[in-house]
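Peer 1: Sequence first, then the predicted structure:
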Amino acid sequence: MDVLTEPRSRAEGWYFSLMPPNTKGPKFAWIDPSRLYCNSQALSDCVKDLLKPFQNDSIDLVAGIDAMGFILGSAVAFALGKGFLAIRKAGNLCTETETQDYNDYSGRQKIIEVRVDVLKPGLRVLIVDQWIETGGTMIAAIKLVEKQGATVVGVAAMAIENSEGGKWIKENYKYSHCVPAELQSQIDSQYLESFKNF
C-alpha cells in the first residue's frame with residue numbers, strides 16, 4: 001500500500017499495515033510505526049482510537065515521551081484542546097528538572113527528565129508514547145509524573161505488548177492502544193503478517 005493512499009475501507013487498526021519491519025538489526029525496534037504519521041487519515045484514526053476510552057475523563061494535560069511520543073502526544077493534545085508536556089531524555093532541558101532512571105526496550109540503562117514548574121498536585125495527566133514494548137520507559141514516566149504529585153489519568157500508545165511491564169501497566173492504570181484483538185498475538189510475537197508486503 002502506498003503510504004499516502006487512503007484505503008477504501010478502514011477496518012479497526014488498518015494503519016498497522018503501513019508499518020514496515022526493522023531492517024537495520026538488533027539495536028533498533030522490531031517495527032517502524034512512524035510511517036503511519038505520513039498518512040493523515042491513519043494519524044487521525046489512530047488518535048481517535050486512542051482517545052475512545054478517555055472520552056468521559058477529565059484530562060488537564062498530555063505528556064509525551066521523548067522522542068516518538070512527542071509526535072503522537074502532540075496530536076492527542078491538539079485533538080483534546082490541551083497543552084503538551086515533553087518528558088525528555090536527560091540532559092536536554094535547560095531548566096530545573098526531576099529525573100528517573102530506567103532500562104529501555106533494548107536493556108540499556110537510561111534517564112528521563114521533566115521540568116519541575118508544570119506538574120503539581122491535582123493536575124490530571126494522560127501519558128502518551130508511540131509504543132510500549134517492555135514498559136520500562138512508560139513506568140519511568142509514570143513515576144516522574146507522580147513524584148510531583150500529579151495524577152496519571154491513563155496511558156496511551158499505539159500498541160502495548162504483553163511483556164511483564166506491559167501487563168503491569170494494564171493492571172495498574174487505565175490504558176488505551178490501537179491493536180485489534182486479532183492482531184495482539186502478532187504484536188506480542190513481534191511479527192506482523194503485513195510485513196510480507198514490504
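Peer 2: Thanks, I have it.
Peer 1: The most centrally placed residue in the chain: which element?
Peer 2: The centre of the chain sits closest to Asp129, judged by Cα atoms, centre = their mean, with a distance of 1.9 Å. Using DSSP states H and E, Asp129 sits in strand 124-132.
Peer 1: Give the next helix or strand downstream of that strand.
Peer 2: helix 136-147.
Peer 1: What are the buried residues along that next one?
Peer 2: Under the neighbour-count criterion of 16 or more other Cβ atoms under 10 Å, helix 136-147 has 136-142, 144-145 buried. Heads up, the C-betas are built off the backbone N, CA and C, glycines and all.
Peer 1: Okay, angle between it and strand 124-132 too, please.
Peer 2: Here helix 136-147 points in a direction 170 degrees away from that of strand 124-132 (axes from the mean of the first three to the mean of the last three Cα atoms, to 10 degrees).
Peer 1: could you give me the average pLDDT of the helix or strand following helix 136-147?
Peer 2: Using DSSP H and E, the helix or strand that follows helix 136-147 in sequence is strand 151-160. Averaged across strand 151-160, pLDDT comes to 98.
Peer 1: Buried residues of strand 151-160, list them for me.
Peer 2: 152-160.
Peer 1: ok, it: who's next to it in the sheet?
Peer 2: strand 124-132 (parallel), strand 175-176 (parallel) (DSSP bridges).
Peer 1: Show me what it is in contact with.
Peer 2: Strand 151-160 has contacts (Cβ atoms under 8 Å, 6 or more residues apart in numbering) with 33, 36, 46, 50-51, 53-54, 57-59, 69, 72, 76, 122-132, 135, 138, 142, 145-146, 166, 169-170, 173-179, 187.
Peer 1: again, but for stretch 95-103
Peer 2: Stretch 95-103 is contacted from outside by 88, 90, 109-117, 134, 136-137, 139-141, 143-144, 147-148, using Cβ under 8 Å, 6+ apart.
Peer 1: Show the low-confidence segments of the chain, by residue range.
Peer 2: Residues of the chain meeting the criterion pLDDT under 70: 1.
Peer 1: Mind doing that once more with 90?
Peer 2: 1-2, 6-8, 26-29, 104-108 (pLDDT under 90).
Peer 1: all strands of it, in order?
Peer 2: 61-65, 83-89, 97-103, 109-115, 124-132, 151-160, 175-176 (DSSP state E).
Peer 1: List just the one of these that sits closest to Pro26.
Peer 2: Taking Cβ to Cβ, strand 97-103 is the member of the strands of the chain nearest to Pro26, at 15.5 Å.
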